[in-house]
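In: Kindly return the folded structure for what I paste below:
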Amino acid sequence: MKTYKLKVNDKEYKVDIESVSDSKADVFCNDKRYEVLFEEVSVKTKTPVISRKAAIPLQDTPKTNRNPKNVSINTITAPIPGLITEIAVSTGDSVKGGQIVAKMEAMKMENNILASADGKIESISVKVGDSVLEGDVLMEMGDA
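Out: Now for the predicted structure:
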């Protein structure tokens, strides 16, 4: 039970609250027992409305590379974004399919970049320390 002192129109009241429920309270005021009924008050709450623009599907666009050369069958590209840590071949070198031509660090792991087929390195578009994005041209190969 809680006791409160209330002042209404300069008159003091001692109020003891015995129990409270959702619809009523039992109180003693100046040593008289009262049952106080609560009126139901409806509180209107605003429900947020989410409005979105209609989704428009993306059109297929070709990947763009930093290297303006056209990507060909004999092009070696970066499989994922990373940092070039080693170039294992030079322009003019002959390579076999599956041979390591470069190494790159991506997601704190070293990844080997392999030649996709037998051929001759025609050009190298990157150097050690370059950051590359997925699909960037690293090297171009010609027929052996």
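
In: distance between the ends of stretch 39-47?
Out: Taking C-alpha to C-alpha, to the nearest Å, the span from the opening residue of stretch 39-47 to its closing residue is 24 Å.

In: what comes into contact with whichever strand or helix holds Ile113?
Out: Using DSSP states H and E, Ile113 maps to strand 109-114. The set of residues external to strand 109-114 that reach it, using C-beta atoms under 8 Å, 6 or more residues apart in numbering, is 76, 78-80, 82, 85, 97-105, 138. Backbone N, C-alpha and C define where each C-beta goes, glycine included.

In: Skip the chain neighbours and tell me the closest residue to Ala106.
Out: Using C-beta to C-beta, 6 or more residues apart in numbering and skipping residues adjacent in sequence, the residue nearest Ala106 is Gly82, 3.2 Å away.

In: Asp130 is in contact with the one you found, correct?
Out: No. Here Gly82 lies out of contact with Asp130, judged by C-beta atoms under 8 Å, at a distance of 9.7 Å.

In: Between these two, tell me which one has more neighbours.
Out: Set side by side, Gly82 and Asp130 show unequal neighbour counts under other C-beta atoms under 10 Å, the larger going to Gly82 at 22 against 17.

In: quick one, helices of this protein?
Out: Secondary structure of the chain (DSSP state H): no helices present.

In: longest strand anywhere in it?
Out: Longest strand in the chain, counting residues (DSSP state E): strand 11-20.

In: packing partners for it?
Out: The elements that strand 11-20 packs onto, with contact taken as 3 or more C-beta pairs under 8 Å, 6 or more residues apart in numbering; DSSP states H and E, are strand 2-8, strand 24-29.
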